[in-house]
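In: sharing a sequence plus its predicted fold:
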Amino acid sequence: MSGQIVFALTLLVTLGVFAYTVYRLSRFFSFTRPGFPVKHISRRIGLMLEVAFGQTKIFRRPLVGLAHALVFWGFCIILFGSIEMVIDGLAGTDKILSALGGFYRFMMAAGDIFAYIVAAAIIIFLFRRLFIHIRRFEGIEMKKISHIDAIVALSLILILMLSLIGMNTGYYGYKMLTGQVSHGVYPISSLVAGLLTGISPDALHTLYDISWWTHILTIFVFANILPYSKHFHVFLSVPNVFLSRLEPLGKLINMQNVTREVKLMMNPDTAFAPAPADAPVERFGVRDAEDVVWKTYFDSLSCTQCGRCTSVCPANITGKRLSPRKVMMDLRARMKEKGPLMIKNGREYSDNKSLLRDYITEEELWACTTCNACAMECPININHPSLIVDMRRYLVMEEGSAPGELKSVFSNIENNGAPWQYSSEDRLLWARDIGFTVPVMSDLSSRGEKPEYLYWVGCAGAFDDRYKKVARAFATILDHLSISYAVLGKEETCTGDPARRAGNEMLFQMQALQVIELLNSYGIKKIITTCPHCYNVFRNEYPDLGGSFEVINYVQFLEHHAKEGSLKLTPEALKDTGMTYHDPCYLGRANEIYDEPRTLLRRVTGTFVEMDRNRSFALCCGAGGAQMFKEAEKGDREVFIERTEDALATDTGVIATACPFCMTMLTDGLKYKNREESIKNLDIAEIVALSLDL
Amino acid sequence: MSVLVYTQNWEGKFKKSTFELVSYASKVAQMLNTNLVCITIGPVTEEELRKPGKYGADKIIRLESPLSSVLDNQVYTDIIAQVAMKENAKIIVFSNNNEGRAVAPRLSVRLRAGMASGVSKLPLSLEPFTVYKKSYSGNAFAHLVINTDIKILTLAQNSFELIETSDNAVTETLELVVDEALQKTTVREVQKQTGKLLITDAEVVVSGGRGMKSPDNWGPLVELADVLGAATACSRPVSDEGWRPSEEHTGQTGKVISPNLYIAVGISGATQHLAGVSSSKYIVAINTDKDAPIFEAAQYGIVGDALKVLPELVEAAKELKK
Amino acid sequence: MKILVCISNVPDTTTKVKFIDGDTRLDTAGVQWIINPWDELSLTRALELKDDASSGITSVTVAHVGTAISEPTIRKALAIGADEGIRINAEPGDAWYVAYQLAEIIRKEQFDIILCGIESSDHNGSMTGGMIAEFLGIPSVSAVSSIKIENGSPVLTREIDGGREIVSVPVPFVAVVQKGIAKEPRIASMRGIMTARTKPVRLYEPEAAEGLTRTVLFEKPAPRAACRFIDPENPRQLIELLQNEAKVI
């Protein structure tokens, strides 16, 4: 009886403390912004089963991943026993859930086996942390407290496992020696109990009692420490996966409040009129903790500081200051600092500090290539790039602050419709002397004709000297296949992609609305594009602004035609040319197109070699996120050289790319390494054209 | 009446550009059938003062005033206005350099004299008085008519050749009364550019880019520059890497120059670089890539390895200079 | 102190200039207008000075001579951060005419520092600034590459041929500024564009005046001849050509 009262009291205290923590956190959440509707429940459940329970992302690092998965599954199983312990503790019963029969025996057995597995895993983890230098456990954001946090948590888990083992061993041993029925099956502990000869039943019972209380009290203590620890993910990981962002990684979420403003700006009647009475007063973008959408704060609480994101970040790998893990940790820490102040003084309170600059510097924000390696790698689907871009949005749209070269890019897009200073009159120079006439939309339209496809050339295809050749190659293939298509020529203008990635949401939307209006005016339904950035924008982002088209990436187009036979690719022309393929981030991770380029390349060469880091593991070329247009932030090495080295390691004669930025970077990389004579960087369109002898 | 030309001196010395200006002004004076008067401010030796006479000056005035040691735009405007009125100048010519552009516009208002800046040819006609100048940043040329009795022109740099004439000039030293109240400019510090030939002054510039592969390869390039009496320059990546000093960086974000000859070695010709050198009279490009955009801007080109070509050019240039 | 930044409205740098009416004027159809790049830098510097509380700069005004076509450009200047705009409603004639009009306004409104870009990308004149100063009888400093305020007094750096000088002049004065006056131009933030809508643009009718010059014809430059390639095995030929044909060495 007294045991029950003590138990009830400790449970009450535990729940009380926990309730207070939850209340406090809910107040913090109340300061954040809405904007993350939770729909598509069945899809979310599926993700939860796959990523959370199936641990699929954890397995991206197979060996350590297995160890973690076992710990996780062990926790899930052992949870059952813990629930029983609470019931037993309150009701004064002894293994009350044994009434469940076979199922109970199974759960106890599994729990017992896992206790040993988890204990072993934890010992390995502790050993790793204490005696082996694991790079991703280090970083400027990993202060001493983080390491202590980790060690403490691991130690508590070890105590949990050892106490469970003690419970099972003591229980089984006692029941055996006293000839009583033992509820549940304990495969390994029963063997251990068998080894404990010469220990009295009383001692075993004491072992059981002490282990029992140790176990449950450790759970109570652990449960209350967790919300303040990196191990909060024990509670939050499964819900965080349930709450995953469902959109393709390449998509940045539209800012509705900006759309309103942009539409006003673009209408000459309202452009200079005073702002309407219900004009939004809220901040654009994220400057401080309360500016984030609630889900982002949830992300930051769920983050377990594992560092897998940072370990695959191209900026971090090459010595730049950016660490995606740090971004999430900083948000959590800042809310921890400012939350109580806001509770006391209101959401508008200012302590003259902010997440921006005091925690996360501009240098870190401007180093991001939006390659999405971090988001792809995170075992619980945290989305770091959206926070980074949201902070860029604040810098650009509230302060007009950006690296100088990006300001020029913004001006150029605004004034002449391309990131570089070129006249739109020159957008068809690539089509000169091509041997056939490239059909132009306005010409066709004036004749009352309408092509099946729009071939969207993009600014690189029009103005980048190297990529003009790719535009030519692809147009030549279209002509060869007698495809009904047209280009926009001088009417083409920038899709706005670099503006959006760089945080200039306003300029992006202005361009987007312009382009959508133009495409709709021609009644365009299908778009083929040779640039993954344009592809991403058309496919994922224009629908939010009223532009719905069927968007086909040229690689998919080519593979489709090769598959159904109209594109007769034979491996003769290039069969002995060893080839490797660099996945563009905006085709690969951003839009999950990994297979078609490979299938296509395998049609033209017998020697296709994968780079070590390929598909969703591919290293960015370094040009995304508007990096193409600016100087790299300070670092030890250049990303493009790192990726070129990946390519050179395959010892192939051709590096195939499918993106104008990747091509610029890898070609530069070859020049830097003085290999541009012996190794060619070719676009897939050029490779296909070569193999067709066009 | 007369044509008056402001011949700036640099610590008492004239430059080649001064004499090109005088040659131009002399031709203008001939067109008007009148005399050419030069005015220079500050101490100049008699020997130096006589030099414009070889390029067509009829009278060369040296003016010294306690107020003239500092370039104060109002003071200089007043001085030149007084001289212009004294010499009954109908056309006043300046160089389109910093000092010319500082003073000429003020003079235009002072004398109610229509002004055209950056003219690059002799007047196209006298009635109406029409001049030719670059406009829309070099995308077009304009014919400009000046309607006033007195006219002011500034001559674009490097647009007129030296023309030597017989020397019949007289020199004159003038003292003028200038209102002290006009002097409002206080010079707190002067920072002179160090002795090396200024890229912006040089007539020939030899420039190296990333195609040179390494800073260790600059020897032949510097040698060629030495032999040709040229200044050395470089492209942005080269100055960023620290291979060459940043003062040598020519381009959109560096120096904009217009030499007679710009030799670009191992430079691809990116738009930003060309923006800094496109008004060069002649561009020569040496590059291994036949498709490099620089060849579209160049008049002469060699598709070849700079490290092989440069030493041969040095030899040929040396022979030339003998 | 009050700063006035004179701005002109020019075609975007990538515009392919074409002429109409017998090649006497620019074909403005489809032209994208921008603030003259030098004036944009000049405005940026003015705003940087105002942002510095110790400078004593209380306001930045932009003034422009032009028709209603220039409204968006003036609004852009306000969106970048200028406090108010002034437009003198007239076709900008020659520099003399424009300077005359601006001088009238400056006389009425009294500014301490007047900034003019050293040239505009359309007419490349380099005249307006100096002319304004002479109309007003105030000092001017040219080729200014830097302006600072030290102890409440402006200190300017001007480029002279062969170096630079650091000078000071009493207010009011005109500074004719060149590239380098600001590191890079400011852009209009979203917030700036929204607040610009409520900033005043005062309209003035021009004083009666006539310019002293007139452009009567525009010519397009002759197309550049294609590059002459010299055999890389015989580079000496280049030196010969440069000496005898081009006559540059």
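Out: Nice, I can see it.

In: show the contacting residues for the closest residue to chain A within the stretch 201-322 of chain B.
Out: Residue nearest to chain A within the stretch 201-322 of chain B (Cβ to the nearest Cβ): B:P293, separated by 6.1 Å. All C-beta spots, glycine's among them, are computed from the backbone N, C-alpha and C. By Cβ atoms under 8 Å, 6 or more residues apart in numbering or on different chains, the contact list for B:P293 reads A:465, B:268-271, B:274.

In: closest to B:D167 out of the residues you listed?
Out: Closest approach to B:D167 among the contacts of B:P293 (Cβ to Cβ): B:L274, at 41.9 Å.

In: over to the closest residue to C:I86 other than its chain neighbours. Which of the three states is it?
Out: Nearest residue to C:I86, sequence neighbours excluded (Cβ to Cβ, 6 or more residues apart in numbering or on different chains): C:A63, at 4.3 Å. Taken by DSSP: H, G, I helix; E, B strand; the rest coil, the conformation at C:A63 corresponds to strand.

In: would you confirm that C:R186 belongs to a strand?
Out: No - per three-state DSSP, C:R186 lies outside any strand segment and is coil.

In: nearest residue to it other than its sequence neighbours?
Out: C:T44 (4.6 Å).

In: tally up the residues packed near the one you found, please.
Out: 20 (other Cβ atoms under 10 Å in any protein chain shown).

In: that one against C:A82, yeah?
Out: No - using Cβ atoms under 8 Å, C:T44 is not in contact with C:A82, being 10.5 Å away.

In: what residues does chain C have near chain A?
Out: C:12-16, C:32, C:34, C:71-72, C:75, C:80, C:183-194, C:197-198 (Cβ under 8 Å from any Cβ of the partner chain).

In: sort out for me which of the residues you listed are in helices.
Out: Per DSSP state H, helices hold the following members of those: C:71-72, C:75, C:80, C:190-194.

In: ok, and the most crowded of those?
Out: Ranking these using other Cβ under 10 Å puts C:M190 first, with 26 neighbours.

In: what sits against that one?
Out: Per Cβ under 8 Å, 6+ apart, neighbours of C:M190: A:258, A:261, A:284, A:396-398, A:505-506.

In: give me the phi and psi angles of the most centrally placed residue in chain C.
Out: Nearest to the geometric centre of chain C sits C:G117, at 3.2 Å (Cα atoms, centre = their mean). When read as degrees, to the nearest 10, the backbone of C:G117 gives phi -70, psi 150.

In: so it touches C:N36, yeah?
Out: Yes - with contact defined as Cβ under 8 Å, C:G117 and C:N36 form a contacting pair (5.6 Å).

In: hey, what's in contact with both of those two?
Out: Residues within reach of C:G117 and of C:N36 at once, by Cβ under 8 Å, 6+ apart, are C:7-8.

In: quick one, longest helix in chain A?
Out: For chain A, the longest helix by residue count, based on DSSP H, is helix A:144-177.

In: who does it touch, helix- and strand-wise?
Out: Helix A:144-177 makes packing contacts with helix A:62-91, helix A:102-131, helix A:187-195, helix A:201-225 when contacts are defined by 3 or more Cβ pairs under 8 Å, 6 or more residues apart in numbering or on different chains; DSSP states H and E.

In: the stretch 1-150 of chain B: helices as residue ranges?
Out: In the stretch 1-150 of chain B, the helices defined using DSSP state H, counting those that start in this stretch lie at B:16-32, B:46-50, B:73-86, B:98-110.

In: tabulate those (TSV), appending distance to A:L252, mean pLDDT and mean neighbour count.
Out: Output for these, formatted as TSV (distance: least, Cβ to Cβ, whole Å; pLDDT from 0 to 100; neighbours: other Cβ atoms under 10 Å in any protein chain shown):
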stretch	distance to A:L252	mean pLDDT	mean neighbour count
helix B:16-32	55	95	22
helix B:46-50	68	93	15
helix B:73-86	53	95	22
helix B:98-110	48	96	26
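
In: out of the ones you listed, which is closest to A:E84?
Out: Using Cβ to Cβ, these put helix B:98-110 closest to A:E84, at 89.9 Å.

In: ok, that closest one near chain C or not?
Out: Yes - using Cβ under 8 Å from any Cβ, helix B:98-110 reaches chain C at B:98-99, B:101-110.

In: list the helices and strands that helix packs on?
Out: Against helix B:98-110 (3+ Cβ pairs under 8 Å, 6+ apart) you get helix B:73-86, strand B:89-95, strand B:114-119, strand B:151-155, helix C:95-109, helix C:128-136, strand C:140-150, strand C:153-160.

In: can you do 7 Å?
Out: Packing contacts for helix B:98-110, counted by 3 or more Cβ pairs under 7 Å, 6 or more residues apart in numbering or on different chains; DSSP states H and E, involve helix B:73-86, strand B:89-95, strand B:114-119, strand B:151-155, helix C:128-136, strand C:140-150.
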